[in-house]
Each structure stands twice: as structure tokens, then as C-alpha cells.
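Engineer: sequence first, predicted model second:
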Amino acid sequence: MFSFDIHKLLDQFGYNPKEPLIFNSGFFLFLFLGFLGIYLLLQKTHRPKLIFVTLFSLYFYYKSSGLYFLLLLVTTVVDFSLASILYRTAEPWKRSSLLAISLLVNLGMLGYFKYTNFFHEMFSRAAGLSYQPFDIFLPVGISFFTFQSLSYTIDVYRNKLKPVTHLLDYAFFVSFFPQLVAGPIVRAADFLPQLNKPTLVTKEMFGRGVFLICTGLFKKAIISNYISLNFVDRVFEAPTLYTGFENLMAIYGYALQIYCDFSGYSDMAIGIALLLGFHFNINFNSPYQATNITEFWRRWHISLSTWLRDYLYISLGGNRKGKIRTYVNLLITMLLGGLWHGASWRFVLWGGLHGLALALHKAVGSRNVNLASPWLRQLLSLSGVALTFHFVCFCWIFFRASSLELAGQMISQIADHFSPHVVWEFVTGYQGVVLLMLIGFVLHFIPAASEQKAEAWVTRMPLPAKAFLLFILIFLVIQTKSADIQPFIYFQF
């Protein structure tokens with residue numbers, strides 16, 4: 001006999017730290033359909049629409065971090081108020097003081113929740129004391145919404161942006177749920193002007209939105225989740241139990257996993273925003289096709305790399321104070337960028353390696369090489385892609401391994417116990433993993449023109465065909481999903 005447990009249903013709407021609300025969950029699909037129905041009724045209004053979406057966004061964050069959604073409200077009220085006062089203040093020292101308060105509040109909040117135990121451990125070891133970490137919960141996405149809000153006050157301070165006059169507008173911008181917990185980091189100058197325009201979803205926007213949601217879901221829920229659970233995670237947890245070849249494949253697998261995971265989230269965020277009538281800038285642009293490390297960072301997590309460039313690198317002096325200072329600024333920027341990703345020396349090392357590579361490329365790699373032969377130019381380009389990809393993969397070892405010791409073990413296994421004779425055993429033993437890795441890398445390296453044709457094809461589809469495409473994709477997700485929810489990697493940052 002069919003039974004209905006109302007209490008179990010109501011529990012789904014409450015906060016569960018083990019089940020954050022993510023785009024590829026069935027509960028989000030259920031919620032979003034209800035949200036979309038109400039949104040369609042309110043889309044031609046202004047204040048009611050903003051109020052409804054803001055409240056839903058706050059609930060979305062509550063489902064991820066519980067009562068810590070109050071931090072989002074604190075950030076919103078503080079930076080809205082400071083920016084408004086900043087705009088009306090002429091005295092340089094007062095303006096600097098107001099900006100300093102914004103920096104102190106946002107970075108202080110980020111520092112407490114994310115870095116207290118990191119510095120506590122450093123102090124304990126230096127003082128010869130036993131280390132016992134404090135019980136501090138890390139709110140999901142705090143690095144994203146603090147950076148997003150900071151960019152607003154800094155732009156107002158630099159007189160590049162006029163502040164909004166209504167708190168609701170700013171609350172909508174900071175809390176907008178598609179990009180709230182894992183980016184992209186949306187700039188106020190790009191987003192706020194859209195609030196005063198009528199909500200309009202063109203056929204092209206709707207088609208692109210569906211296309212991006214489908215590709216993002218495929219990347220995250222099928223490729224990333226499957227290869228991580230069935231191969232990558234196992235190797236990174238105990239690299240000495242696997243041959244060097246298997247360790248190398250796990251590194252390649254993680255390079256694909258983190259790209260599919262993070263770019264998949266960005267695709268879905270951009271796609272959902274388009275369905276609601278809002279535009280986000282692209283956050284990934286086939287980064288493993290980059291021919292050098294500088295180009296890689298123009299293609300990878302674009303919203304973060306441009307944020308670091310505009311608000312940190314340029315503030316340090318950029319390339320305006322000589323070559324040596326430029327290299328130092330690049331290194332400092334990437335060291336802090338690494339620390340932004342996590343409170344661990346692994347991330348600092350990861351950022352430092354990228355900083356050194358950027359400085360080296362700035363010093364010697366940016367010189368133009370004129371080759372008359374087209375095939376030599378093509379060969380040089382392919383060599384650059386291969387070199388850049390393998391350098392990035394090497395750095396991913398320190399990013400993913402849970403300790404520097406395990407990272408060293410993985411490198412040692414590849415160097416000393418490669419065992420190429422296990423290739424066929426690996427292919428036959430991990431058929432699903434190998435197939436999805438091949439599909440993932442092939443799709444990543446296809447020309448941009450082919451992707452644009454696929455997007456145009458989906459856009460031309462009639463609505464029932466689009467719905468059927470989503471149904472097929474959801475069916476595939478169900479077939480490959482594990483029992484546990486797999487949060488997005490960047491939730492922890």
C-alpha cells in the first residue's frame with residue numbers, strides 16, 4: 001500500500017549539512033520548477049520580482065549553510081551602506097577609511113572562517129604546542145560572495161561605479177542564487193544595470209540556457225562524478241597501492257574532473273540565469289587548449305583571474321614599476337590566489353608554481369617567434385598546448401592530494417614504478433572510466449565553431465524536443481549516479 005510521510009517531505013525543506021542544495025539534485029529540480037512558475041507570474045513586475053528572487057536565494061543559501069545565511073545579510077547591509085557613504089564623501093582619508101572598513105569586514109569574516117585553524121596550527125607548531133583545531137564551520141561559497149561584494153565597494157571607491165540607491169537591488173545582486181555558492185564572481189558593473197531593464201528571455205537566450213544546463217549537467221553529473229568515484233579518488237587516497245601509470249592516469253582524470261565539475265557548475269549557473277533573463281560573462285573557455293600558462297589563466301576561472309588582476313595585481317603596481325616588480329607582483333598575486341582556494345600549504349605551493357610560471361613566461365616566453373612555415377607554427381602551437389597541459393596537471397597533484405606527503409608518493413610512483421605493462425589491464429578494468437575520459441577530452445578539444453553549431457541546433461529545437469533532451473540527460477544521470485550526493489568541488493572554497 002502506498003504510504004505518504006509528510007514529516008519526511010517537510011524534512012527535505014530544512015537544512016541538512018550532509019545534503020547541500022545543488023543543481024544536479026532531484027530536490028533542486030522540484031524547487032526550481034515551483035520557483036519558475038511563480039517567477040513567470042512576477043517577471044513583468046519590478047519590486048515583487050526582486051523580493052521573491054532574493055528570498056528564494058536566501059533560502060537556497062540556507063539549504064547550503066544553515067543559519068550562516070545571516071553572514072550574507074551582514075555583508076549586504078555593510079557594503080551597501082559603506083558604498084553609499086563613500087559616494088557622497090570627498091575627503092581622501094575618509095574614503096580610504098570607509099574602504100578599509102569594507103576590507104576589514106569582508107576579509108576579516110573570510111579570514112576567521114577559513115584561515116583561523118591554518119594560522120593556529122602554524123603558531124602551535126612554532127611554539128612546540130599540541131595542535132587541536134577549533135570547531136569552525138566553513139560556510140559554503142563564502143570566498144565567492146565576499147569577493148563579489150568587495151568588488152562593488154572598490155569600484156565605488158575608484159569612482160568607476162555609481163552605487164545603487166535601494167538595498168533590495170544590492171541584496172538581489174549579492175545573493176542571486178545561480179552563482180551564489182560557486183561562482184562565477186559577477187561584477188556589479190555587469191549585473192546591476194540589468195535590474196532596471198524589463199525581463200526578456202529571447203528564443204536565443206532560452207536555447208543557450210537549455211544548452212548550457214545540459215552540457216553542465218553532463219560534465220558534472222556524468223563525467224566528473226563517475227570518474228572521481230570510480231577511479232580518481234581511490235588513487236589519490238592511496239597512491240602507493242597503484243602503479244605509476246595508474247597514478248598518471250588519475251592525474252589526467254583529475255584534470256578532467258575538476259574542469260568538468262567547475263565549468264559544469266558555471267555552465268548551469270549561466271544557463272539558469274539566462275532562463276530568468278539575466279546575463280553572466282563566460283567563466284571557462286576550453287582552458288586546456290591554451291598554448292602557454294598566461295593564456296591558460298585567460299581561459300580558466302576567468303571571473304577569479306580577472307578579479308585578481310584588477311583588484312590585487314594592479315593594486316600592487318601591475319607591470320608599471322619595472323620588470324622585477326612585475327614578476328614579484330605576479331608571484332604575490334598567485335600565492336594569494338592559491339591561499340584563496342584553501343587554508344593549506346598545498347594551495348600556497350600550487351599558487352606559487354603558477355606564479356613562477358607566469359613570471360617566467362612574462363620574462364622569456366612572450367617574445368614573438370616568426371616562422372615562415374605554417375606547419376612549424378602549428379607544431380610549435382601543439383607543443384605549447386602539450387607543455388602547458390602537463391605543467392597544469394603537475395600542479396593539480398598538490399591541489400588535489402590531501403597532504404604534501406601523498407603528493408610526493410604520487411610523484412615517486414610515476415618516476416620509479418611506472419609499470420607500462422599494466423596499460424591493457426587498466427583499459428579493460430576501467431572501461432567506463434576510460435570511455436568517459438576519452439569523451440570528456442575529445443569534447444574539450446573540439447573547435448569552438450562545432451560547439452556553436454551544437455548550441456544553434458539546440459536553440460532551433462521545438463520546446464518538446466528540448467524537454468526530451470533534458471529528460472534523456474536526467475535519465476543518464478540517474479543511471480550513473482552514486483548513492484551519496486557529490487557536491488561541487490568549489491563548494492569547499
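Structural biologist: Everything's here; your move.

Engineer: any chance you could map the helices in the stretch 1-150 of the chain?
Structural biologist: Using DSSP state H, counting those that start in this stretch, the helices of the stretch 1-150 of the chain run over 6-11, 26-42, 47-65, 69-87, 92-126, 142-157.

Engineer: pull the residues that contact stretch 384-396.
Structural biologist: Contacts with stretch 384-396, where a contact means C-beta atoms under 8 Å, 6 or more residues apart in numbering, come from 251-252, 254-255, 258, 287-293, 295-296, 350, 353-354, 357. For glycine as for every other residue, the C-beta is placed from the backbone atoms N, C-alpha and C.

Engineer: for residue 164, phi and psi?
Structural biologist: phi -70, psi 160 (degrees, to the nearest 10).

Engineer: surely it meets residue 193?
Structural biologist: No. If you go by C-beta atoms under 8 Å, residue 164 and residue 193 don't touch, sitting 10.1 Å apart.

Engineer: more neighbours: which of these two?
Structural biologist: More crowded of residue 164 and residue 193, by other C-beta atoms under 10 Å: residue 164, with 21 against 9.

Engineer: pull the contacting residues for that one.
Structural biologist: Contacts for residue 164 (C-beta under 8 Å, 6+ apart) come out as 80, 170, 173, 192, 195.

Engineer: which among the helices of the stretch 1-150 of the chain is found nearest to residue 458?
Structural biologist: Of all these, it is helix 26-42 that lies closest to residue 458, at 18.8 Å by C-beta to C-beta.

Engineer: what angle sits between that closest one and helix 47-65?
Structural biologist: 170 degrees (axes from the mean of the first three to the mean of the last three C-alpha atoms, to 10 degrees).

Engineer: which residues touch helix 26-42?
Structural biologist: 12, 21, 22, 48, 49, 52, 53, 56, 272, 275, 276, 474.

Engineer: for the fifth one, which non-adjacent residue is closest in space?
Structural biologist: Take residue 49 and drop its neighbours on the chain: the residue closest to it by C-beta to C-beta, 6 or more residues apart in numbering is residue 42, 4.4 Å away.

Engineer: now that neighbour: how far from residue 280?
Structural biologist: Distance of residue 42 to residue 280, computed by C-beta to C-beta, to the nearest Å: 21 Å.

Engineer: which one of the two is surrounded by more residues?
Structural biologist: In this view residue 42 and residue 280 are compared by other C-beta under 10 Å, and residue 280 has more residues nearby, 24 against 16.

Engineer: can you name the residues that contact the closest residue to the more buried one other than its chain neighbours?
Structural biologist: Closest residue to residue 280 apart from its sequence neighbours, by C-beta to C-beta, 6+ apart: residue 270 at 4.7 Å. With contact set as C-beta under 8 Å, 6+ apart, residue 270 has these partners: 178, 184, 209, 212, 280, 282, 283.

Engineer: host element of residue 270?
Structural biologist: Using DSSP states H and E, residue 270 sits within helix 244-275.

Engineer: after that helix, which helix or strand is next?
Structural biologist: Next element after helix 244-275 (DSSP H and E): helix 293-299.

Engineer: for that following helix, give the mean pLDDT please.
Structural biologist: Average pLDDT, helix 293-299: 94.

Engineer: just put the helices of the stretch 1-150 of the chain in a markdown table and tack on distance to residue 332 and mean pLDDT.
Structural biologist: Output for the helices of the stretch 1-150 of the chain, formatted as a markdown table (distance: least, C-beta to C-beta, whole Å; pLDDT from 0 to 100):
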| stretch | distance to residue 332 | mean pLDDT |
| --- | --- | --- |
| helix 6-11 | 47 | 61 |
| helix 26-42 | 39 | 85 |
| helix 47-65 | 30 | 90 |
| helix 69-87 | 25 | 92 |
| helix 92-126 | 16 | 90 |
| helix 142-157 | 17 | 91 |
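
Engineer: need the winner for burial among those helices.
Structural biologist: Sort the helices of the stretch 1-150 of the chain by mean neighbour count, taking mean count of other C-beta atoms under 10 Å, and helix 142-157 sits at the top with a mean of 23.

Engineer: next helix or strand past it?
Structural biologist: Once the chain leaves helix 142-157, the next helix or strand it forms, by DSSP H and E, is helix 167-175.

Engineer: now that following helix - C-alpha only, PDB.
Structural biologist: Written as PDB, here are the backbone C-alpha positions of helix 167-175 (Å, rounded to 0.1, in the frame of the first residue of the first chain):
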ATOM      1  CA  LEU A 167      19.100  48.000  -0.600                       C
ATOM      2  CA  LEU A 168      16.900  45.400  -2.300                       C
ATOM      3  CA  ASP A 169      18.800  45.900  -5.600                       C
ATOM      4  CA  TYR A 170      22.100  45.200  -3.900                       C
ATOM      5  CA  ALA A 171      20.700  42.300  -1.900                       C
ATOM      6  CA  PHE A 172      19.500  40.800  -5.200                       C
ATOM      7  CA  PHE A 173      22.900  41.200  -6.800                       C
ATOM      8  CA  VAL A 174      24.900  39.700  -3.900                       C
ATOM      9  CA  SER A 175      22.500  36.800  -3.200                       C
END
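
Engineer: which strands or helices does it pack on?
Structural biologist: With contacts taken as 3 or more C-beta pairs under 8 Å, 6 or more residues apart in numbering; DSSP states H and E, helix 167-175 sits against helix 47-65, helix 69-87, helix 142-157, helix 188-195.

Engineer: what's in contact with stretch 47-65?
Structural biologist: Applying C-beta under 8 Å, 6+ apart, the external contacts of stretch 47-65 come out as 15-16, 20-21, 35, 38-39, 42-43, 69, 72-73, 137, 139-141, 168-169, 171-172, 175-177, 180-181, 195, 199, 276, 491.

Engineer: the helix or strand encompassing residue 330 to helix 142-157, inter-axis angle?
Structural biologist: Under DSSP H and E, the secondary-structure element containing residue 330 is helix 323-341. On the basis of the same axes, to 10 degrees, helix 323-341 is oriented at 130 degrees to helix 142-157.

Engineer: what sits up against helix 323-341?
Structural biologist: Residues contacting helix 323-341 (C-beta under 8 Å, 6+ apart): 115, 143, 304, 308-309, 312-313, 316-319, 321, 347-352, 354-356, 358-359, 362-363, 399, 493.

Engineer: mind checking which of those residues are buried?
Structural biologist: If you count burial by 16 or more other C-beta atoms under 10 Å, the buried members of those come out as 115, 143, 304, 308-309, 312-313, 316, 318, 347-352, 354-356, 358-359, 362, 399, 493.
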